[in-house]
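Asks: A predicted structure for the sequence below; I have some questions about it.
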Amino acid sequence: RAGPVRVGWLGSDRSIHETLLPHLAMLARLRDEIGFELVIVTRPKPEVPAALGPWRWVEWSPDVETRIAELLDVGVMPLVDEPFQRGKCGLKLLQYMAAGLPAVASPVGINVQLLEGGRGSAAASADAWGDALAGLVRDPGLRATLGAAGRAFVEERYALRSWFPVLEEILVRVAAEAPRARPAVRVTRGA
């Protein structure tokens, strides 16, 4: 598609304050140096200091969330290395991967494992973020390779077709081991 590469963040109003805003000045500087469009998908529209320059807002909705591959070329998941964010489940990263998008994320908590094996780029410093984003912005082949690796990982480890047989086996086993239902006992009050 024509136009600059779209580097984007998808998340909730609470999450934006805890994860994206602490990294926004760095991302804006990298946007200006590397040359990408910064896209934020959330609801409501966040208040971002005008000094950070141009960015595009897409209002989040359930429908928009299913179409992130149409809105973004690269997904980002910056985190602050603190206890609450170490406990995050990596959903944003998995959403990018499921959409076939290459991702750059802070190596915090589960993200370290999700990014292993060339499924994405871990960035622990401003320089690492710059290197990872510059490589992805300049190389469509790298974007395609990382996006495909992430997608394959999600299909193998998280897709319904992977988990349904496991769930079915558990339900069959539990149903077979369940005690037989006993007839209801009728209780009457004595006179």
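Replies: That came in fine, so what should we check first?

Asks: S15: which element?
Replies: S15 belongs to helix 13-15 when assigned by DSSP states H and E.

Asks: Mind giving me the packing neighbours of the helix or strand that that helix is followed by?
Replies: Using DSSP H and E, the helix or strand that follows helix 13-15 towards the C-terminus is helix 24-30. Packing partners of helix 24-30 (3 or more CB pairs under 8 Å, 6 or more residues apart in numbering; DSSP states H and E): helix 126-138. Any C-beta I mention is one placed from the backbone N, CA and C, and that applies to glycine too.

Asks: With only the CA atoms kept, save the helix it packs on in PDB.
Replies: Extracted as PDB, the C-alpha positions of helix 126-138 are listed here (Å, rounded to 0.1, in the frame of the first residue of the first chain):
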ATOM      1  CA  ALA A 126      15.400   3.500  23.300                       C
ATOM      2  CA  ASP A 127      18.300   2.400  21.000                       C
ATOM      3  CA  ALA A 128      16.800  -1.100  20.800                       C
ATOM      4  CA  TRP A 129      13.400   0.300  19.900                       C
ATOM      5  CA  GLY A 130      15.000   2.500  17.300                       C
ATOM      6  CA  ASP A 131      16.900  -0.400  15.700                       C
ATOM      7  CA  ALA A 132      13.900  -2.700  15.700                       C
ATOM      8  CA  LEU A 133      11.500  -0.100  14.300                       C
ATOM      9  CA  ALA A 134      14.000   1.100  11.700                       C
ATOM     10  CA  GLY A 135      14.500  -2.500  10.500                       C
ATOM     11  CA  LEU A 136      10.800  -3.100  10.200                       C
ATOM     12  CA  VAL A 137      10.000   0.200   8.500                       C
ATOM     13  CA  ARG A 138      12.800  -0.200   5.900                       C
END
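
Asks: Next secondary structure after it?
Replies: Using DSSP H and E, the helix or strand that follows helix 126-138 in sequence is helix 140-157.

Asks: Skip ahead from that next one and say which helix or strand is next.
Replies: Taking DSSP H and E, what comes next after helix 140-157 is helix 160-177.

Asks: How far away from the center of its chain is that next one?
Replies: Helix 160-177 sits 27 Å away from the centroid of its parent chain (CA atoms, centre = their mean, to the nearest Å).

Asks: Tell me where this protein is predicted with low confidence.
Replies: Applying pLDDT under 70 to the chain flags residues 180-185, 190-191.
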